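J.: Quick one, what's the 3D model for this:
(one chain, ligands or ions: 1)
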Amino acid sequence: MFERIDYYAGDPILGLMDKFAADNNPDKVNLGVGVYYDEDGKLPVLECVKIAEQRIADPVSPRPYLPMAGLPGHRKGCQELLFGKDAQILKDDLVATIATIGGSGALKVGAEFMHQWFPQAKCYVSDPTWGNHIAIFEGSDVEVGKYPYYDKTTSSIKFDEMIAFFETLNKNDVILLHPCCHNPTGMDLTREQWDTVLNVIQARELIPFMDIAYQGFGEDMDSDAYAIRKAVDMGLPLFVSNSFSKNLSLYGERVGGLSVVCPTADEAKRVFGQLNATVRRIYSSPPSHGGRVVDIVMNDEVLHEQWVGEVYAMRDRIKSMRTKLKSVLEAKIPGRSFDYLTDQNGMFSFTGLTPEQVEQLQTKFGIYMVSNSRMCVAGLNSSNIDYVANAMVEVLKD
Ligand SMILES: Cc1[nH+]cc(COP(=O)(O)O)c(/C=N/[C@@H](CC(=O)O)C(=O)O)c1O
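T.: Just a heads-up that it's a prediction; the model follows:
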């Protein structure tokens, strides 16, 4: 019956978690999956989340189905985080926002919506990008192409090539963009570069789809949303998928959002309805617990302020690990530049190691990076950073 079904080769990122768990090396270090670990190597529960969960736990309340679009407070929290508390588009009801099953769920609903309502549109992703971007859109029968983005030889962005490529695209083609903390390269556009990209998108009548999964880990909550808010200022139609997995450290609670900025309130109403219909036919409604945590943290002023502080502490620890690793490596390999570690933003660094060197790190040292050489810098801490640096020196020498 099922003998013709292909074996699943596994996911290049999530598959690392199982391999890491099975590794008996006492010195093993997980620099694979994009998860923030604290200075003790532990996945934190944020203080603001603890308080929110205490409120949810006492008094205990029933767990009815949520609306297809999720809790209004979850949706409001997404909108204010992405567009700003006083954004005119929110006052004018121009944004259709639903709560989703993480950023992945937001991308999936967005892809399904595009396939249904813009069937001719192709989706273009950066080269390289988060691998699941391609799988999610192709899984919704949206044809996926790649735009030039990262130059491995110079550890820089192929900006002119990217712009030239955008200028060849057709009306309503979708461009999947990372507003900050690019995954997997960590290389972000400058504000001037974003302005140029958005001008081309406007001129070619392309549809920007911005996937922001690390808001707050780059510069700050508002700066990280620069591209999003600039697109709004320009009056562009805009899709935004956001994730609270990393900045609320709620990975397993599956909380995110999908927002669509529309030209009129009537269009926003139409889009909102179809987003609901799309949710209904995929998973009916989003999870309750995570949605309530988002609602409480995002809408309680005191908890929101505490949350921002906790995110910036995570951001700053990652930045300190980047600086430390760079200085240790440059001391051990004089004359070789490791500027990429501090040029890059957010959770990831594209180390440029070859697949063979990445494999050696794993088999000889128990250090796990993604095979494309992506390192999750948030897996580094004071007790493992010298071990990782020495191992990198070893494999770089071979
Ligand atoms: C850019 C991006 N977008 C969306 C997601 C999905 O987030 P979620 O809210 O958990 O559905 C991730 C997750 N990235 C990390 C984990 C993964 O691969 O699923 C990663 O890149 O390691 C991203 O890196």
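
J.: The stretch 1-150 of the chain: strands as residue ranges?
T.: Using DSSP state E, counting those that start in this stretch, the strands found in the stretch 1-150 of the chain span residues 29-30, 95-101, 123-127, 144-148, 150-151.

J.: Most tightly packed of those strands?
T.: strand 95-101 (a mean of 27; mean count of other Cβ atoms under 10 Å). To be clear about C-beta, it is placed using only N, CA and C from the backbone, and glycine gets the same treatment.

J.: partners of that strand in the sheet?
T.: The strands beside strand 95-101 in its sheet (DSSP bridges) come out as strand 255-261 (antiparallel).

J.: how about the strand it pairs with against the ligand, any contact?
T.: Yes - using Cβ under 6 Å from any ligand atom, strand 255-261 reaches the ligand at Gly256.

J.: And for stretch 127-146?
T.: Yes - using Cβ under 6 Å from any ligand atom, we find that stretch 127-146 touches the ligand at 130, 132.

J.: Can you tell me what sits against that stretch?
T.: 11-13, 104, 107-108, 111-112, 114-115, 121-126, 147-150, 174, 176, 178, 183-185, 211, 372 (Cβ atoms under 8 Å, 6 or more residues apart in numbering).

J.: If we check the ligand, which of these are in contact?
T.: Okay, of these touching the ligand (Cβ under 6 Å from any ligand atom), that's 13, 104, 183, 211.

J.: Switch the residues you listed over to CSV; also include pLDDT and neighbour count.
T.: Formatted as CSV, these follow (pLDDT from 0 to 100; neighbours: other Cβ atoms under 10 Å):
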residue, pLDDT, neighbour count
Ile13, 92, 20
Ser104, 98, 21
Asn183, 98, 25
Asp211, 98, 26
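
J.: nearest to Val311, of those?
T.: Asn183 (17.1 Å; Cβ to Cβ).

J.: leaving aside the residues next to it on the chain, what's closest to that closest one?
T.: Spatial nearest neighbour of Asn183, chain neighbours left out: Trp130 (4.4 Å); criterion: Cβ to Cβ, 6 or more residues apart in numbering.

J.: Give me the pLDDT for that neighbour.
T.: What the model reports for Trp130 is a pLDDT of 97.

J.: Use 26 as the first number for this chain going forward.
T.: Happy to do that; since the first residue is 26 now, the last one works out to Trp155.

J.: burial measure for it, as a count.
T.: 24 (other Cβ atoms under 10 Å).

J.: can you tell me which residues contact the residue nearest to the spatial centre of the chain?
T.: Centroid check for the chain by Cα atoms, centre = their mean gives Ala238 as the closest residue, at 2.6 Å. Ala238 makes contact with 59, 128, 206, 208, 266-268, 270-271 under the criterion Cβ under 8 Å, 6+ apart.

J.: Could you report the separation of Gln299 from Pro262?
T.: 14 Å (Cβ to Cβ, to the nearest Å).

J.: Same check on Ala124?
T.: 21 Å.

J.: C-terminal to the helix or strand harbouring Leu300, what's the next element?
T.: Element membership of Leu300, judged by DSSP states H and E, is helix 290-307. Later in the chain than helix 290-307, the nearest helix or strand by DSSP H and E is helix 313-324.

J.: how about the residues of the stretch 26-175 of the chain near the ligand?
T.: Going by Cβ under 6 Å from any ligand atom, the residues of the stretch 26-175 of the chain near the ligand are 38, 58-59, 127-129, 155, 157.

J.: which of the contacts of Ala238 are buried?
T.: Neighbour-count burial (16 or more other Cβ atoms under 10 Å) applied to the contacts of Ala238 gives 59, 128, 206, 208, 266-268, 270-271.

J.: could I get those residues as TSV with distance to Val383?
T.: Putting those into TSV (distance: Cβ to Cβ, whole Å) gives the following:
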residue	distance to Val383
Gly59	16
Gly128	25
Cys206	21
Asn208	17
Ser266	28
Asn267	30
Ser268	25
Ser270	24
Lys271	23
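
J.: Filter those down to the ones in helices?
T.: Applying DSSP state H to those, the entries found in helices are Gly128.

J.: Out of the buried ones among the contacts of Ala238, which sit inside strands?
T.: 266-268 (DSSP state E).
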